[in-house]
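Trainee: Sharing a sequence plus its predicted fold:
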Amino acid sequence: MSEPLARCVGRFLDYLRVERRYAPGTIVNYRDELTRLEAAMVASGRTRWAEADTATIRSLVAAEHRRGRSPGSLRILVSACRSFFRYLAREGEVTANPAVGVRLPKLRRKLPQVLDADEVGALVDVAPDSPEAVHDRALLELLYSSGLRVAELVSVRWCDLDAAEGQLTVVGKGSKTRIVPVGSHALAALAALRAQDAAPAEATIFHGRHGRPLSTGAARARVRRRAKAQGVWKRVYPHLLRHSCASHLLESSGDLRAVQELLGHADIGTTQIYTHLDFQHLAKVYDAAHPRARRRARD
């Protein structure tokens with residue numbers, strides 16, 4: 001016999017947490033999406049997951065679309081359903097995956113914004129006139145130097161840093177470990193931070209009040225405040241520094257595979273978006289410098 005709807009969802013979330021080691025944020029997202037699916041099942045009078053069909057999930061996606069959810073958000077909903085029913089099939093709760101027949105909404109792929117080199121320079125040039133300033137400069141330098149995700153940034157520990165080799169061990173999405181280079185400016189900023197931080201090697205490098213590990217939200221807030229204080233008036237957030245790192249590295253090297261390894265992308269197709277950013281840079285240079293382009297601009 002099948003277990004009640006909610007109990008199956010709970011088991012699935014435990015599976016993601018313990019066996020798959022999904023990030024807490026991803027588990028919360030999946031929980032919310034499956035709660036919506038469970039409500040749709042109950043509303044249609046169904047009490048077993050084996051009674052779910054493709055039409056049920058399509059109707060849920062359509063209803064969420066009418067509520068104004070974006071294609072990207074709806075893709076999370078469909079992905080959560082697919083993963084859930086795949087798990088249920090493995091557990092013998094269902095015989096087929098009804099979410100497979102639901103097409104993922106198409107995304108309008110937006111090119112990420114980036115900071116130019118001068119803007120990055122202005123952002124990270126934080127005067128080391130207080131312990132907090134030293135802390136934030138190291139945070140900004142490392143984000144830009146190594147292209148870290150904010151969740152990776154707040155989890156790195158002193159023992160993960162090999163200053164002599166100029167590298168950092170990072171645990172990324174799916175608990176995958178990778179080693180990333182750390183530039184000389186970031187190493188100097190981290191050395192200044194370590195000189196004022198007597199925490200043990202197992203402690204996280206970045207922390208908030210009372211020495212607690214910095215949360216992702218607090219890291220975003222620090223980046224935002226520092227950007228304003230440094231006179232960078234774009235909307236600045238941690239992932240913008242990751243984009244900027246990738247774009248500048250690709251622009252200088254042309255090595256897409258190296259950028260993929262740095263960022264920890266499983267699919268090089270994800271990294272290829274930065275080739276479009278590189279072309280944008282080329283187009284701007286062309287329009288500014290090519291005689292025929294200048295002539296066209298004056299016409």
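Mentor: Nice, thanks for sending it over. Numbering: from 1, shown residues only.

Trainee: What residues of the helix or strand residue 32 falls within count as buried?
Mentor: Per DSSP states H and E: residue 32 is located in helix 24-43. Within helix 24-43, the residues that count as buried by 16 or more other C-beta atoms under 10 Å are 26-27, 29-30, 33-34, 36-38, 40-41. For the C-beta atoms, the positions are set from N, CA and C on the backbone; glycine is no exception.

Trainee: I'd like those residues laid out as TSV, including pLDDT and distance to residue 273.
Mentor: Supplementary listing: the buried residues of helix 24-43 in TSV, determined by pLDDT from 0 to 100; distance: C-beta to C-beta, whole Å:
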residue	pLDDT	distance to residue 273
26	88	21
27	92	27
29	92	22
30	95	25
33	95	25
34	96	30
36	95	30
37	95	31
38	94	35
40	93	34
41	93	37
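
Trainee: mind putting those in a markdown table, distance to residue 224 included?
Mentor: Shown next, in a markdown table, are these (distance: C-beta to C-beta, whole Å):
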| residue | distance to residue 224 |
| --- | --- |
| 26 | 24 |
| 27 | 26 |
| 29 | 23 |
| 30 | 28 |
| 33 | 29 |
| 34 | 32 |
| 36 | 31 |
| 37 | 35 |
| 38 | 37 |
| 40 | 38 |
| 41 | 41 |
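
Trainee: Tell me the one of these nearest residue 175?
Mentor: The nearest member of the buried residues of helix 24-43 to residue 175, counting by C-beta to C-beta, is residue 26 at 11.4 Å.

Trainee: separation between the closest one and residue 38?
Mentor: 18 Å (C-beta to C-beta, to the nearest Å).

Trainee: contact partners of stretch 156-170?
Mentor: By C-beta atoms under 8 Å, 6 or more residues apart in numbering, the residues outside stretch 156-170 that reach it are 142, 146, 148, 152, 177-184, 187, 190-191, 194, 197, 199-206, 264.

Trainee: Neighbours of the spatially closest residue to residue 31 that is not a sequence neighbour, how many?
Mentor: Among residues not flanking residue 31 along the chain, residue 13 sits closest, at 5.7 Å (C-beta to C-beta, 6 or more residues apart in numbering). For residue 13, the tally of surrounding residues (other C-beta atoms under 10 Å) stands at 18.

Trainee: So which bits of the helix or strand containing residue 13 are buried?
Mentor: Assigned by DSSP H and E, residue 13 falls within helix 5-18. Using 16+ other C-beta under 10 Å as the test for burial, helix 5-18 gives 5, 8-9, 12-13, 15-16.

Trainee: where along the protein do the strands fall?
Mentor: For the chain, the strands defined by DSSP state E cover 161-162, 167-171, 177-181.

Trainee: I figured residue 112 hits residue 271, correct?
Mentor: No. Counting by C-beta atoms under 8 Å, residue 271 is not a contact partner of residue 112; they are 11.8 Å apart.

Trainee: okay, those two: which has more neighbours?
Mentor: residue 271 (21 against 16).

Trainee: Nearest spatial neighbour of the more buried one, chain-adjacent residues omitted?
Mentor: residue 260 (4.2 Å).

Trainee: Now for the one you found: which residues touch it?
Mentor: Neighbours of residue 260 in contact, by C-beta under 8 Å, 6+ apart: 268, 270-271.

Trainee: coming back round to it: now do the helix holding residue 13: distance to the chain's middle.
Mentor: 24 Å (C-alpha atoms, centre = their mean, to the nearest Å).

Trainee: Report the residue ranges of every domain in this structure.
Mentor: 5-101, 117-287 (automatic domain parsing).

Trainee: ok, residue 208 touching residue 217?
Mentor: No. Counting by C-beta under 8 Å, residue 208 stays clear of residue 217, with 9.9 Å between them.

Trainee: Have a look at those two and say which one is more surrounded.
Mentor: Remark: of residue 208 and residue 217, residue 208 carries more neighbours, 16 against 11, as counted by other C-beta under 10 Å.

Trainee: What is the burial count for residue 78?
Mentor: Applying other C-beta under 10 Å, I find that residue 78 has 21 neighbouring residues.
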